[in-house]
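Trainee: sequence first, predicted coordinates after that:
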Amino acid sequence: MQNVYGYVYHTHFVELFMDILDKNQNIETNLNARKISRIFFLAVLGFLPPLLIMAYIKIKRHKENSNASSLLDFAKSNDKRLLIALWFTIVWTCVLASTISAFVVYFIAGWFGFPFILAFIIATVLAVAINVLTLVAVFDKELSFKIGFLVSAIVAIVAVFAIFFFLILEGMPAIRDVGFFRFIFGRTWRHDPNNPAVWGHDPTYGGARSVYNILPMVVGTIVAAIGALVIGGGLGVLTAICIVWFCPKRLKPFVSQAITLLAGIPSVIFGFFGMQVLLPLLGNISPTGNGSGPLAVAIVLGMMILPTVVAISKNSIEAVNQSYYEAGVALGASKERTVFKAVVPAAKSGILASLILGIGRAVGETMAVIMVAGNVAVMPDGLFQPFRTLTVNIVFEMAYSEPGSLHQGALVGTGVVLLGFVLIINIVFNFIKRNNNSNKESIIIPTIKRIVCKPFVLVCSKVFKNNTTKADNSDIIDIVKKDFNFESAISTSLLTRFINVLPKITKIISFIMLGFSLFFLGSIILYVLINGLGHINWGLLTGDFTGFGRNHPVTLRPAIITTLMYILLTSVIAFPLGILTAVFLQEYTKRGSKVAKIIELAVETLAGTPSIVYGLFGMILFVTILGLGLSITSGSIVVALMTLPLTVRATQEGLKSVPDTYREGSYALGAGKVRTIFRVVIPSALPSIVTMIILGVGRMVAETASLMFTMGSSLGPDPVGYASSGTTLAVAFYALVRTPGRENEAFAAASILILIVLVLNIGATLIASFLKKKTIAS
Amino acid sequence: MKKLTKLFLLMVVIIVSIVAVLGFTACANDVIDMQIIAVSRESGSGTRSQWDSSIHNNLDGGARVTLASWLAQPGNSQLAGEMQNGQPGVVTRIRSQRNAIGYASLSAVENDSNLRVLNIGGFAPGATGYPTALARDYVILTYENVDLLPISQLFLDFIQSTQGQAIVEGEGYDFSVSNPIPFTAPTSRPSGQTGPVQVRGSTSVEPVMQELIDGFVAAVSWAVVGDFDFQAGGSGQGVTAGSGGTIQGSEPNRTIGMSSNAAHIDTANASTFFLAQDTMAVIVHRDNPLTNITMEQLFAIYTGAATAWRDIIEA
Amino acid sequence: MKEKDIIIKARDVDLYYGEFQALKKINMDILEHEITAFIGPSGCGKTTLLKCFNRMVDLVEGCRVEGSINIDGIELFDAPQEIIDINNAVQDKSNIETNLKRSPKEKKQKLNINKLRKDVGMVFQKPNVFPMSIYDNIAFGPRTHGIRKKAFLDKVVNESLVQAGLWEEVKDKLNKSGLQLSGGQQQRLCIARALAVKPKILLMDEPTSALDPISTGIIEELCENLKKQYTIVIVTHNMQQATRISDKTAFFLLGEMLEFAPTEELFSNPKNEKCENYITGRFG
């Protein structure tokens, strides 16, 4: 380790230690930190008295087998000295906690790059919180924990509000200035950097060089979503049906795992694959010679939402009661007919959910779209015309927008509209879900059926004329009047034969779809691995960063270190928060209570928010306003918020699956709620929690778009601390692959990413099944 | 269906898809028979705005229309073709799309074997007849009225020194700083630098800046790459090289910005230092037989008037 | 009284789930237009045997059947089997009719599984109404077997619901979802659905075990009416139910059929000792 003092190779903390230990006066570090570090040591020592006292009181209470519910009651009931000692302990602990939390926050602030005022605010809030909780804990342990859970649950609400607040604060003025209807329904988006639109300009836009209207992008987003739905949704549902019902059993786990693998591949890899491979191919068949456009975007987005649709549809179809299948088969229907007509319709709501989740993801996708869409702000006009979506609009010009300008306001306004889109989709989804659940005859689907299918059937029956003898009405009336002969009523028309064969044909089609899905998956993975595996070497992974220029070898070590640091911080923020929130939702609220509904609504909104909106929010709030700058901290906080919904939901599912009998058994033994939660419920839900953690980490690794605007997009040396900018592996891939001469290293980085995703996925499956076996067996 | 039949069907689908893909690839045409794809930059880019003001229809007097003024006419809101994100985006796109044409900094593309740099009007970039409007000044920005921290200041001095300029010229740029002075680094690390030198800004200036940083680290014995925090491509945090040309940084006293559009820096906010002059080059894929293009043709391509390569190549 | 024909003949039927033998040397004749009840403790194989009659045991992996089951002249488990399914059968109408009338003596009949399941219907323990309208539920079977014309389908739906005793209750809401009905109504809907394909035999696997007493009573009454047209084999855990409705009763234990006799005889004067113990409640 080079003996260099200063900020470069040491973190603040190490410096401080060296200062304290060596009494080296040459260090120009933060004087306050040095002083506080000495206080820190004193504080640690200072914990001893209260610890001893608390231990003494607890032992005494245990010895006397006191029935007192809290330490305070016990002390009260005992002699006065004990009471005084207890109060002394409480006060002492509060002071200590405040000091330590203050120190920790200043220290962390230095480490993570928070500005002084922000750190001070956080320190104060933390100190107050700890003190309050300590006091409450003394009086009533259960309540203090409940407050703790509630607070973490509120974080989700606060986050949603913060995002909304900032977006609206920044975006609404611009929308109002342009004019609400003109903004959304105007057809021209043009930004001339030499003549940007200014606030309050002439609304008639006579001769205005810069105009900010987003209709082409709104239509573009809709087109992209529909395209993704048709390709990804259609492919996905049929693939799911095929996997569950028609696929050979031995192939099934392999195929499922393979398709889940697709889900973890970062979007930039999809995008690059689209640009390098798909676009030239499509260009060959395109009338304009340019492959960019809705078709390319639909294919790329379709591939990206395919795993989501397949996974959720698969779960729904598998969950359908086996007796539906048995009933259908027992009536003499073939397997295919039963599956398509009786089983799959029973999974309708789950399939619909998967499609809507897929649309949500498609609407929010940025990096993949930007590479294949052409990005011209015009109304999409055909399969091969360059167009732009709302997400691309934000990314394209965000980097060049001046804070406080109408231009940036308009970009944030685009984000607001995008968020509105997602909210509408969520509302529609909830509406449909409620309809389905109530068993009422839903109006939508039969109506669609009637409108679409009836003419088709009419046409078909005219085309395929029924050539049996029962052709005219009089015969029919006779049959109906007489004793009905079933066999003779069996129609043998061509149409009937076609309809009879239809399920078989659909089955073959579903196999073909499965083949396509595997083909897509295989082509991307092979493309990356073939180009990249051979270039992975020890030097690439661990070499020093020797220089920025092209003559210096590429090293992925900074990216790897950055990724690890980023995952660590993001996990520390997201997982505990998510688990605590889920515990609160599941254990402390009654079904349908207002608080639960609000929190769940907040979580769902967070879940649906596109990642670029998070990036925008992070850029405005953390990077610029709060002054954190491009740093690992900014990126981690943003992605932690993004991962929060996943952690909350997955943990909730895990907690739900713990049968109430476990809880009742624990209560019946006299254990309190907190003890039950931590000793019984959470350990039982551990398989789900561990799986959730692994999948969450996979998501973090794959995230790109928001990190580029909060953490950095250029490669550099090893990060010094959390305040450094940096690139994760996924972002590094994006940066490298666009630099001529570095494609090999880029593909190597991508290969590493795919291998990581593969390992994580397999790990998740193995651990889940292992833990499940353990809990069931025990 | 028997198991073997199912597997067989899957195999068939996969093989058919592969064959179809190969087939699509094989039926590629010569570039001359293909349509033109005009690749441009995002509209906030300094490179883009310079391109738009430089390319014109080569008529004289009042009839001369640049791309920028063409765009301002009602009914024309977008250029023909597509837009890519950042200079590397354009370069990557053209390297894989045979019938595409675009523009980028000369220094970034002149050694790329996958691309061909075109002459304009018969003149190569850098030659005297090449359109001067396509020459661009790269500048360094610092906050106005802010004292730079020692190492940041040293870096700034280095850039403008003879050693720094030698690096700039080595990168293929012209007309560097006039009267550079030799740079001598202090022998030991100065105190007072509270963080790395933050370098932020344009993707076009990125390559030369990277070499300058490497050069500084090589020239100064106590300097390491860890002294620099380098992010190009803009992120709101950094230099906005577009209009207004403001400079932001979390710590202004150690931030150095880089911009490719000197004309539009707001000098009230930032101090600028001339870095280098670069040329914008027009590039096509190496399979494209074209070697020379005229200003009128460029204007026609980017306004959508010319769509077939045959018209350009055989003209 | 007309002599009843034997409609199901089981001879030396052994059934294996992998290594485990679930049925041991079952021999029985079931007469048409009768209600035959299978009783016995859990896991004794009564449902398994029932599922052999319409080859639903095919759905279980690793299931192997030896011996012979003959339903109305058609061998179920004769090897080699040529299993055609419905699409080929539709081409030749005459084939269907001749299949029905073929005498038991003719060997190597082509077994059409879907046709078999049409002739041998099944009602399950829990009602499994499809998530479609009542009309579509019942029409599912006929549509599968090729009936397309609405007039025919209407008639079938009407007849089946009448026979199941549900017509009056649902005739105004045929287009509403079947899942809206109560448990008892859903089970009757399942019966109607099974009747819609005009089977000859109706297999019922504990059809009332999930229902309340009133619905149970309605369905038991139904069976009494249905046996005039169909043959019913019912598996039941409820011995009182067996005494109420069945003509013949078979007692199963651990895969063997220990006694098979007219119901009154079996319950008042059982010949097998274990059967007597079961009936008197000494084990169960």
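Mentor: That came through fine. Numbers count the residues shown, from 1 in each chain, chains lettered A, B, ... in the order given.
Trainee: which SSE is the residue of the stretch 501-650 of chain A found nearest chain B in?
Mentor: Residue nearest to chain B within the stretch 501-650 of chain A: residue A:515 (2.9 Å; C-beta to the nearest C-beta). C-beta here means a position set from N, CA and C on the backbone, and glycine is covered the same way. Mapping residue A:515 onto the secondary structure by DSSP states H and E places it in helix A:494-532.
Trainee: what does residue A:431 give?
Mentor: In this structure, residue A:431 is located in helix A:406-437 according to DSSP H and E.
Trainee: try residue B:278
Mentor: strand B:270-285.
Trainee: what is the mean pLDDT for that strand?
Mentor: In this model, strand B:270-285 has an average pLDDT of 85.
Trainee: so the nearest residue to residue A:725 once chain neighbours are set aside: helix, strand or coil?
Mentor: Setting aside the residues directly before and after it, residue A:725 is nearest to residue A:712 in space (C-beta to C-beta, 6 or more residues apart in numbering or on different chains), at 3.6 Å. What DSSP: H, G, I helix; E, B strand; the rest coil gives for residue A:712 is coil.
Trainee: near chain C, anything from the helix holding residue A:431?
Mentor: No. Helix A:406-437 lies apart from chain C when judged by C-beta under 8 Å from any C-beta of the partner chain; the minimum separation is 9.3 Å.
Trainee: mean confidence for that helix?
Mentor: So the average pLDDT for helix A:406-437 ends up being 80.
Trainee: give me the distance from it to the chain's centre.
Mentor: Here the centre of helix A:406-437 is set off from its chain's centre by 16 Å, with C-alpha atoms, centre = their mean, to the nearest Å.
Trainee: please apply the same query to stretch A:155-169.
Mentor: Remark: stretch A:155-169 is offset 17 Å from the chain centroid, using C-alpha atoms, centre = their mean.
Trainee: what residues sit buried inside that stretch?
Mentor: Buried residues in stretch A:155-169, counted by 16 or more other C-beta atoms under 10 Å in any protein chain shown: A:155-157, A:159-160, A:163, A:166-168.
Trainee: send the alpha carbons of it over as CSV?
Mentor: C-alpha atoms of stretch A:155-169 as CSV (Å, rounded to 0.1, in the frame of the first residue of the first chain):
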residue,chain,number,x,y,z
VAL,A,155,-40.3,5.1,3.6
ALA,A,156,-42.1,3.7,0.6
ILE,A,157,-44.8,6.3,0.9
VAL,A,158,-42.2,9.0,1.4
ALA,A,159,-40.3,7.8,-1.7
VAL,A,160,-43.3,7.8,-3.9
PHE,A,161,-44.3,11.3,-2.7
ALA,A,162,-40.8,12.5,-3.2
ILE,A,163,-40.7,11.3,-6.7
PHE,A,164,-44.0,12.7,-7.6
PHE,A,165,-43.3,15.9,-5.8
PHE,A,166,-40.0,16.6,-7.5
LEU,A,167,-41.2,15.6,-10.9
ILE,A,168,-44.3,17.7,-10.6
LEU,A,169,-42.4,20.6,-9.1
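Trainee: number of residues surrounding the closest residue to residue A:662 other than its chain neighbours?
Mentor: Leaving aside its sequence neighbours, residue A:662 sits nearest to residue A:680 (C-beta to C-beta, 6+ apart; 5.5 Å). By other C-beta atoms under 10 Å in any protein chain shown, 18 other residues sit near residue A:680.
Trainee: residue A:680 touches residue A:660, doesn't it?
Mentor: No. The pair residue A:680 and residue A:660 fails to qualify as a contact (C-beta atoms under 8 Å) at a distance of 11.2 Å.
Trainee: neighbours around whichever residue of the stretch 501-650 of chain A sits closest to chain C, how many?
Mentor: Nearest residue of the stretch 501-650 of chain A to chain C (C-beta to the nearest C-beta) works out as residue A:501 at 5.9 Å. Neighbourhood size, residue A:501 [other C-beta under 10 Å]: 15.
Trainee: what residues does the stretch 251-400 of chain A have near chain B?
Mentor: So the stretch 251-400 of chain A meets chain B at A:251, A:275-276, A:279-281, A:283-285, A:287-290, A:292, A:370-371, A:374-378, A:386, A:395-400 (C-beta under 8 Å from any C-beta).
Trainee: among the residues you listed, which lie within helices?
Mentor: A:279-281, A:283-285, A:370-371, A:395-398 (DSSP state H).
Trainee: out of the residues you listed, which are buried?
Mentor: Buried among those by 16+ other C-beta under 10 Å: A:279-281, A:283-284, A:370-371, A:395-398.
Trainee: which ones are touching residue A:666?
Mentor: A:675-676, A:679-680 (C-beta atoms under 8 Å, 6 or more residues apart in numbering or on different chains).
Trainee: ignore what I typed, I meant residue C:218.
Mentor: Residue C:218 makes contact with C:165, C:184, C:188 under the criterion C-beta under 8 Å, 6+ apart.
Trainee: leaving out chain neighbours, which residue sits closest to the first one?
Mentor: To tie it back to what came earlier, the one meant is residue C:165. residue C:222 (5.3 Å).
Trainee: which residue ranges of the stretch 551-700 of chain A form strands?
Mentor: For the stretch 551-700 of chain A, applying DSSP state E, counting those that start in this stretch gives no strands.
Trainee: got the residue ranges for the helices in it?
Mentor: Here the stretch 551-700 of chain A has its helices, by DSSP state H, counting those that start in this stretch, at A:557-583, A:594-608, A:611-618, A:632-656, A:660-668, A:673-676, A:682-684, A:686-702.
Trainee: pick the most buried one from these.
Mentor: Looking across these with neighbours counted as mean count of other C-beta atoms under 10 Å in any protein chain shown, the highest average goes to helix A:611-618: a mean of 28.
Trainee: relative to helix A:686-702, how tilted is it?
Mentor: 80 degrees (axes from the mean of the first three to the mean of the last three C-alpha atoms, to 10 degrees).
Trainee: count the neighbours of the closest residue to chain A within the stretch 51-200 of chain B for me.
Mentor: Proximity of the stretch 51-200 of chain B to chain A (C-beta to the nearest C-beta) peaks at residue B:88, 3.1 Å away. Applying other C-beta under 10 Å, we find 23 other residues in the vicinity of residue B:88.
Trainee: and the contacts of the host helix or strand of it?
Mentor: When elements are assigned from DSSP H and E, residue B:88 belongs to helix B:86-96. Helix B:86-96 is contacted from outside by A:275-276, A:279-280, A:371, A:735, A:737-740, B:39-42, B:45, B:47, B:82, B:84, B:100-105, B:108-109, B:112, B:114-115, B:203-204, B:206, B:233, B:283-285, using C-beta under 8 Å, 6+ apart.
Trainee: just the buried ones from those residues?
Mentor: The buried subset of these - by 16+ other C-beta under 10 Å - is A:275-276, A:279-280, A:371, A:735, A:737-740, B:39-42, B:45, B:47, B:82, B:84, B:100-105, B:108-109, B:112, B:115, B:203-204, B:206, B:233, B:283-285.
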